[in-house]
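K.L.:
Give me a model of this one.
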Amino acid sequence: MRRARRIVERVNDIRYGLLLPAGQAQLQAGGSAAALLDLVVTAERQGFDSIWVGDSLRRARIEPLTLLAAAAAVTERITLGTAILMPAYRQPVHTALTIASLDLLSRGRLVLGVGAGFPGLSENEFELSRVEFRTRFSQLDDTVRLWRQLWSGDSNPFHGKVLHYDWLPEVPSPHRPGGPPIWLGGITPAALRRTGRLYDGWLPYPPEVSDYATGLEAIHASSAEAGRDEKDITPALFATVFIDDDAERGRAALAAFCEANYRMPLEQVGQIQVMLTGSANEVAAQLNRYVDAGARHLLIRIAAITPDSFATQLDRVTQLI
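P.N.:
Okay, here's the model as predicted:
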């Protein structure tokens, strides 16, 4: 049941998601896999529309598709998402089977946020996965097209820019016809064009609201050129928050979170990702600026490491929904 009081303005069909603290930093600070499943149940009970899990080889974490399969078994309503999945780290055909199976187990509640890595950070992960980093965008687009072909029941040969298969197996039909929606993370001009042409949603984290607004305009222009309806593309936002009436204490918490998760200072991470702190009303006002710019699914990552801090922050974040 939703709480009666909401701070963030409800506009049309605004949705709210929660990122699960499944990284190594949180697990080493006292978190556990069992506690994550309890959190999924709590999030559904408290009115979140979705829960999300991240993916990385560089920073150890619980594997996202495995965690979502377990989450599907203990929930009934809540959407299950990846924020974001790195398809390049997995064999494309077998992953199509895994995702179709997960969509069936969740009865169509799956959403896939996907990405292609970051220059200067992801090269080793791609090398480990035996995928060329320089062709990562073509690899991603090929993978998405291949998945959709297999999910539609088409096992004919596939020949893309990077991926080539003369023989393909059949995979089970997902619960949702054509498979789960696929959202792209990224805000480069090329990513915006590709989102408008190929993807079902957009999941960026720009620190400037103006960049979000202009990015969404570019996506709509690209979708129009491709003959797609812009309403078929969900505009989302990935926002890291720490709610505290003491601004200095809140900023210190964001800084500690960045060091624990990225081994990078807040100043550096904050140039790439939206990082918000302040009172509940102040954080809500900042999120509402993105809503005004067009965001319709707000994915909230709580900048807390220990279970106690996360629980306190979750109570405060719940006021936002």
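K.L.:
Quick check: phi and psi on Trp202?
P.N.:
Backbone torsions for Trp202, taken as degrees, to the nearest 10, come to phi -130, psi 130.
K.L.:
what's around it, how many residues?
P.N.:
28 (other C-beta atoms under 10 Å). (Each C-beta comes from the backbone N, C-alpha and C, glycine too.)
K.L.:
Could I get the contacting residues of it?
P.N.:
Trp183, Leu184, Thr195, Gly215, Leu216, Ile219, Ile233, Thr234, Pro235, Ala236 (C-beta atoms under 8 Å, 6 or more residues apart in numbering).
K.L.:
The residues you listed in helices, which ones?
P.N.:
Of the contacts of Trp202, the ones assigned to helices by DSSP state H are Thr195, Gly215, Leu216, Ile219.
K.L.:
Save the contacts of Trp202 as TSV, and put in distance to Trp202, pLDDT and neighbour count too.
P.N.:
Output for the contacts of Trp202, formatted as TSV (distance: C-beta to C-beta, whole Å; pLDDT from 0 to 100; neighbours: other C-beta atoms under 10 Å):
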residue	distance to Trp202	pLDDT	neighbour count
Trp183	6	98	28
Leu184	6	98	28
Thr195	5	98	28
Gly215	8	98	24
Leu216	7	98	22
Ile219	6	98	28
Ile233	6	98	23
Thr234	7	98	18
Pro235	5	98	23
Ala236	6	98	27
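K.L.:
and which of these is nearest to Asp166?
P.N.:
The shortest approach to Asp166 among the contacts of Trp202 belongs to Leu184, at 28.3 Å (C-beta to C-beta).
K.L.:
partner residues bridging the closest one?
P.N.:
Counting by DSSP bridges, Leu184 is bridged to Val114, Trp202.
K.L.:
ok, it to Ile219 distance?
P.N.:
Plainly put, Leu184 is 9 Å away from Ile219 if you go by C-beta to C-beta, to the nearest Å.
K.L.:
Can you work out which residues contact both of these two?
P.N.:
Residues within reach of Leu184 and of Ile219 at once, by C-beta under 8 Å, 6+ apart, are Thr195, Trp202.
K.L.:
Kindly reformat the ones in helices among the contacts of Trp202 as JSON lines containing distance to Asp315.
P.N.:
JSON lines is the format used below for the ones in helices among the contacts of Trp202 (distance: C-beta to C-beta, whole Å):
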{"residue": "Thr195", "distance to Asp315": "34"}
{"residue": "Gly215", "distance to Asp315": "32"}
{"residue": "Leu216", "distance to Asp315": "32"}
{"residue": "Ile219", "distance to Asp315": "35"}
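K.L.:
how about the helices of the stretch 151-300 of the chain, start to end?
P.N.:
Under the criterion DSSP state H, counting those that start in this stretch, the stretch 151-300 of the chain carries helices at the ranges 189-198, 209-225, 247-262, 266-269, 280-292.
K.L.:
Remind me what the first one packs against, helices and strands.
P.N.:
Using 3 or more C-beta pairs under 8 Å, 6 or more residues apart in numbering; DSSP states H and E as the contact test, the elements touching helix 189-198 are helix 136-151, strand 182-184, helix 209-225.
K.L.:
switch to 10 Å and redo it
P.N.:
Helix 189-198 sits against helix 136-151, strand 182-184, strand 201-202, helix 209-225, with contacts defined as 3 or more C-beta pairs under 10 Å, 6 or more residues apart in numbering; DSSP states H and E.
K.L.:
okay, it in PDB with CA atoms only?
P.N.:
This file holds the C-alpha atoms of helix 189-198, laid out as PDB (Å, rounded to 0.1, in the frame of the first residue of the first chain):
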ATOM      1  CA  PRO A 189      24.800  12.000 -29.300                       C
ATOM      2  CA  ALA A 190      25.300   8.600 -30.800                       C
ATOM      3  CA  ALA A 191      23.600   6.900 -27.800                       C
ATOM      4  CA  LEU A 192      20.600   9.400 -28.100                       C
ATOM      5  CA  ARG A 193      20.200   8.600 -31.800                       C
ATOM      6  CA  ARG A 194      20.300   4.900 -31.200                       C
ATOM      7  CA  THR A 195      17.800   5.100 -28.300                       C
ATOM      8  CA  GLY A 196      15.300   6.800 -30.600                       C
ATOM      9  CA  ARG A 197      15.800   4.200 -33.400                       C
ATOM     10  CA  LEU A 198      16.100   0.900 -31.500                       C
END
